[in-house]
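Asks: next one to model:
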Amino acid sequence: MTDQTSFQTAVTSPNRETKPALWRGWQQRCPNCGTGPLYQAYLKTCDQCDTCGQDLANHRADDGPAYLTILVVGHLLAPVMHVVYFQLRPGPWISILVFSVLCLALTLYLLPRLKGCVIAYQWAKRMYGFSNSV
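Replies: Alright, predicted model coming up:
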């Protein structure tokens with residue numbers, strides 16, 4: 001199939017439900033059925049859903065989840081750091097230790113969930129490799 005035909009199919013095909021797909025992506029589940037796993041490892045996407053057979057290999061999440069994670073973690077931690085610093089006045093080593101661990105924990109928690117949301121959004125809007133799938 002040519003790029004033009006693929007583009008026309010994506011444009012003429014109706015979009016899928018976005019909110020349920022995003023919720024499934026947040027739960028790290030297949031955006032189509034919501035029961036099959038989205039990942040086979042921490043961030044390694046399954047090639048295909050074990051339950052419904054949805055092809056998941058052609059997604060283009062790339063750096064989007066990393067940027068979203070940085071944005072969210074920064075917006076969550078910056079006000080907390082400001083309040084803690086001016087209210088409690090902790091020592092520099094305490095600040096470094098606490099906020100480094102907090103930043104790492106938030107990043108490791110959010111990254112696969114936000115990647116799932118990006119993949120689910122692409123699926124819902126029939127972007128990239130999801131244009132021809134059911």
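
Asks: report the buried residues of the helix or strand where Leu22 lies.
Replies: For Leu22, the host element (DSSP states H and E) is helix 18-26. Using 16 or more other Cβ atoms under 10 Å as the test for burial, helix 18-26 gives Ala21, Leu22, Trp23, Arg24, Gly25. To be clear about C-beta, it is placed using only N, CA and C from the backbone, and glycine gets the same treatment.

Asks: ok, stretch 39-50 next?
Replies: Neighbour-count burial for stretch 39-50, with 16+ other Cβ under 10 Å as criterion, is recorded at Tyr39, Thr45, Cys46, Cys49.

Asks: and if you look at stretch 63-74?
Replies: Gly64, Pro65, Leu68, Thr69, Val72, Val73.

Asks: would you check that the last one makes contact with Thr107?
Replies: Put plainly, it is Val73. Yes: using Cβ atoms under 8 Å as the test, Val73 is close enough to Thr107 to be in contact (5.6 Å).
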